[in-house]
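>>> Quick one, structure for this:
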Amino acid sequence: MLKTLKNMFGLRKAYKSNSILYVLRQLPLIKKILPPALSVSKPLNIIVTTLYVIGEILNLFMWKALYYFGVFGYLRSMSDTLPSDVLFCQTLLICTIIGLLMNVDFLSYKKDKFYAINIFKLNAKQYTLIDLMFSLSKIIVGSLPIVIYLGLSWGIPLWFCIAIPFCVAFGKFIYAAYVLAAYDKTGVVNYAGKSLISWIVVLLLGLGGFAMPLLEIGLPKEPCMAGVLLLLPVGFVCAIKVFTYKDYLKINKSMLSQVELAMKTAKKRGNKVIESSIESDVSITSNKSGFEYFNELFMKRHRKILWKPALNMTIVIAVFAVIVNIGMLFVPDGRQIIAKIFDGMIPYFSFIAYTISRGEPFTKALFMNCDDSMLTFSFYKKRNNVLKLFCIRLREIVKVNIVPGLALGIALGSFVFIPGDMESVRKALLIILTMTAESILFSVHFLMLYYLFQPYNVNTEVKGVYYTIIKFGTYILIYLLMFQRIPIATFGVACVAFCVVYSAIACLLVAMLAPRTFKLKN
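Alright, predicted model coming up:
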């Protein structure tokens, strides 16, 4: 067992250290002074190990802090009358159930696990159980100080705050035991979050957890606490199944082969989807000339992967808006209630606008079916041609993204509109302008990243480190923005101003740098 533990940490450290080293080798100044391997440089080994430890510590606490302070703090801001302890307990129960269905790190695919079991032939049972216990210990250690601080400030007894991380950890054994039992019965490894029933339950629980604070509905505190504490004995019983299970080698090999096949299939399917979505009709043509002709042919042949999803999303938003507006007619003061709810929720929909943007699929299609070949020609990389094509493409992706963005703005505007109230009219117009501006912003953002960092290699794999870091940072910022309760007027004006300034700076950076950065990667 100790040998397996040592090997597991050794493999994990080696894999992550190599990943860190790969990132360092992408940095312009640092890559020139790095030795070829960690083994030949003790200082480099120390630096990489230090970065690895710092990353593990940040990963241990950062995501837990974002989760607890983000979700609980946001729901607290949505209720004016619910007692804090009641809101805390009901949110904890709902989020814990969602976590048990969607976030269980058991038999999950990891590169180090693949190497350990398939190549180094380590004991599969020991490796799986140690990996599970390490994951659960991270939940306990990472959550305990945050839960104690947050719980005490919300009026929760200290003993219950201490018990919460242990209850959550033991609850993971319930899903783990289910996975093992399901595999014995079907021969298929079921992952958390893959079941349609799980998604339906999670959706209903999420809507309930979101709506109750808005409607000032609170579940009794004691039953919620009892529900969380019940995970301890039930999880203990399920842990017996997990620790006494014998066929871990068989189930791990099945899982690893299942995931490897799924990844290869998904990659092939992704490329085939793009290829099959291209119009092959040779009669498609254009009356334009030069790069305008080139672009129009591309847009016409890629309508299925650009315009079709955007129009489908527009239809979904329109249907949702109609249903909500009709529903308000049957609820006393329904329009006033909905207007109050959405008054501070507009930052949340920035995340929706980011999600529905077609910016990244657009750039991937550009590279896969156009630039991958055209960047081999010198005329294509000349400054005037690069900038001219950037402007044309920016215009086209803005046209695609602005349709669902405008639809989202009109839908949200209709929710806050109150007949006869001129203030609500101004709010509605500002929301429409804000969502439209954000759709333009994300169009500029993704196209700028594509031209400045060109992240794809010949296999359409994302290999750009800077691209990945900036994309991840953008996601985190917008995710954090979701939990801010900002009045429409303040957020709308600030957002529109930011979109204008950011778009101008992005276009200026492209004009200055793209002729040098827009090129093929090895």
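>>> Just the residues contacting stretch 331-342, thanks.
214, 324, 327-328, 412, 415-418, 424 (Cβ atoms under 8 Å, 6 or more residues apart in numbering). To be clear about C-beta, it is placed using only N, CA and C from the backbone, and glycine gets the same treatment.
>>> Now, of those, which are buried?
328, 412, 415-417, 424 (16 or more other Cβ atoms under 10 Å).
>>> how about the closest residue in space to residue 76 that isn't next to it in sequence, what does it touch?
Nearest residue to residue 76 in three dimensions, chain neighbours excluded: residue 87, at 6.3 Å (Cβ to Cβ, 6 or more residues apart in numbering). By Cβ under 8 Å, 6+ apart, residue 87 lies in contact with 72, 75-76, 79, 154, 213, 218.
>>> ranges for the helices of the stretch 151-300 of the chain?
With helices called from DSSP state H, counting those that start in this stretch, the stretch 151-300 of the chain shows them at 158-186, 196-214, 221-229, 231-244, 248-276, 290-301.
>>> Pipe the ones you listed into JSON lines and attach distance to residue 502 per row.
Formatted as JSON lines, those follow (distance: least, Cβ to Cβ, whole Å):
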{"stretch": "helix 158-186", "distance to residue 502": "39"}
{"stretch": "helix 196-214", "distance to residue 502": "30"}
{"stretch": "helix 221-229", "distance to residue 502": "43"}
{"stretch": "helix 231-244", "distance to residue 502": "45"}
{"stretch": "helix 248-276", "distance to residue 502": "29"}
{"stretch": "helix 290-301", "distance to residue 502": "24"}
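>>> Out of these, which is closest to residue 16?
For residue 16, the closest of the helices of the stretch 151-300 of the chain is helix 248-276, at 19.3 Å, according to Cβ to Cβ.
>>> Let me know the distance separating the residue nearest to residue 76 from residue 518.
51 Å (Cβ to Cβ, to the nearest Å).
>>> which SSE is the residue nearest to residue 76 in?
Applying DSSP states H and E as the criterion places residue 87 in helix 84-102.
>>> what is the orientation angle of that helix with helix 231-244?
Here helix 84-102 runs at an angle of 20 degrees relative to helix 231-244 (axes from the mean of the first three to the mean of the last three Cα atoms, to 10 degrees).
>>> Okay, buried residues for helix 84-102 please.
In terms of neighbour count (16+ other Cβ under 10 Å), helix 84-102 has its buried residues at 85-102.
>>> just stretch 156-166 next, same as before
Residues of stretch 156-166 classed as buried: 156, 160-161, 163-166 (neighbour count, 16+ other Cβ under 10 Å).
>>> contacting residues around it?
85, 88-89, 92, 139-140, 143-144, 147-148, 151-152, 225, 228-229, 232.
>>> Counting neighbours, which of the residues you listed comes out on top?
Among the contacts of stretch 156-166, the one with the most neighbours (other Cβ atoms under 10 Å) is residue 88, at 28 neighbours.
>>> which residues of the stretch 251-400 of the chain score low on pLDDT?
The stretch 251-400 of the chain contains residues with pLDDT under 70 at 255-285.
>>> tell me the contacts of the residue lying closest to residue 429 once chain neighbours are set aside?
Closest residue in space to residue 429, ignoring its immediate chain neighbours: residue 413 at 6.9 Å, by Cβ to Cβ, 6+ apart. For residue 413, the contacting residues are 427-429, 431-432, by Cβ under 8 Å, 6+ apart.
>>> try it again with 7 Å
Applying Cβ atoms under 7 Å, 6 or more residues apart in numbering, we find residue 413 in contact with 428-429, 431-432.
>>> Just the buried residues of the residues you listed.
Buried among the contacts of residue 413 by 16+ other Cβ under 10 Å: 428, 431-432.
>>> from these, which ones fall inside helices?
In helices, defined here by DSSP state H, the members of the buried ones among the contacts of residue 413 are 428, 431-432.
>>> a markdown table for those, including pLDDT and distance to residue 354?
Output for those, formatted as a markdown table (pLDDT from 0 to 100; distance: Cβ to Cβ, whole Å):
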| residue | pLDDT | distance to residue 354 |
| --- | --- | --- |
| 428 | 88 | 22 |
| 431 | 90 | 16 |
| 432 | 92 | 18 |
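>>> Residue 348: which of the residues you listed is nearest?
residue 431 (12.2 Å).
>>> Distance check, the closest one against residue 161.
39 Å.
>>> quick one on the thing from earlier: next, the angle from the helix holding residue 87 to helix 221-229.
30 degrees.
>>> how about the helices of the stretch 151-300 of the chain, which one is nearest residue 57?
With Cβ to Cβ, the closest approach to residue 57 among the helices of the stretch 151-300 of the chain belongs to helix 158-186: 17.1 Å.
>>> I appreciate the help and will end here.
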